[in-house]
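S.K.: Quick one: sequence and predicted model below, then my questions.
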Amino acid sequence: MIISKSMIDGFSRTYVKENSVVCYAESQTLSGASNKAILILNDSTLHILFLNITLSKVIQHTELSLREIQNSKLKKNSFFLSSVWSFRVNQNKWRFRIMKKIVTLGNMQSEFIKNIVI
């Protein structure tokens, strides 16, 4: 299945608020049920929606308070097509690879990266 803006919007509409930014990411952590994820970030919360292999349904939803996020790091390298965001919440380590540009998503990816609080 192709990653599209309408697919992302369909899965995330329940969690999106007026000031939210959304992106598609690849999870590089063992804390999630899948390596395919939609990240939804607003002023107080990060929602992580883990998708099944065919990108057809959400198999796990995790909600994290931004106040609980520690050691947030964003590795942006101009030579690579992706950024890596890593952080800790309690004893869990989280790491996501975010493609800087996915043509079918417009500017969603870059807007999300700009709004990551470190």
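M.R.: On my side now, so go ahead. Numbering: from 1, shown residues only.
S.K.: if you skip the residues just before and after it, what's nearest to residue 52?
M.R.: Spatial nearest neighbour of residue 52, excluding adjacent residues (Cβ to Cβ, 6 or more residues apart in numbering): residue 59 at 5.1 Å. All C-beta spots, glycine's among them, are computed from the backbone N, C-alpha and C.
S.K.: Given the helix or strand hosting the one you found, what are its sheet partners and their directions?
M.R.: Take DSSP states H and E as the rule and residue 59 turns out to sit in strand 58-65. Strand 58-65 sits in its sheet next to strand 45-51 (antiparallel), going by DSSP bridges.
S.K.: So which bits of the partner strand are buried?
M.R.: 46-51 (16 or more other Cβ atoms under 10 Å).
S.K.: What is the nearest of those residues to residue 2?
M.R.: residue 51 (13.2 Å; Cβ to Cβ).
S.K.: isn't that closest one right next to residue 39, touching?
M.R.: No - assessed by Cβ atoms under 8 Å, residue 51 is found out of contact with residue 39, at 11.5 Å.
S.K.: Okay, helices next: where are they in the chain?
M.R.: Ranges of helices within the chain are 5-12, 108-115, based on DSSP state H.
S.K.: In TSV, list the ones you listed along with mean neighbour count and distance to residue 77.
M.R.: What follows is these, written out as TSV (neighbours: other Cβ atoms under 10 Å; distance: least, Cβ to Cβ, whole Å):
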stretch	mean neighbour count	distance to residue 77
helix 5-12	16	25
helix 108-115	17	12
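S.K.: In TSV, list those helices along with distance to residue 25 and mean pLDDT.
M.R.: Formatted as TSV, the helices of the chain follow (distance: least, Cβ to Cβ, whole Å; pLDDT from 0 to 100):
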stretch	distance to residue 25	mean pLDDT
helix 5-12	11	94
helix 108-115	8	92
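S.K.: would JSON lines of those with distance to residue 88 be doable?
M.R.: Formatted as JSON lines, the helices of the chain follow (distance: least, Cβ to Cβ, whole Å):
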{"stretch": "helix 5-12", "distance to residue 88": "24"}
{"stretch": "helix 108-115", "distance to residue 88": "20"}
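S.K.: any idea of the pLDDT on the residue nearest to residue 52?
M.R.: With respect to pLDDT, residue 59 scores 95.
S.K.: Cool, thanks, signing off.
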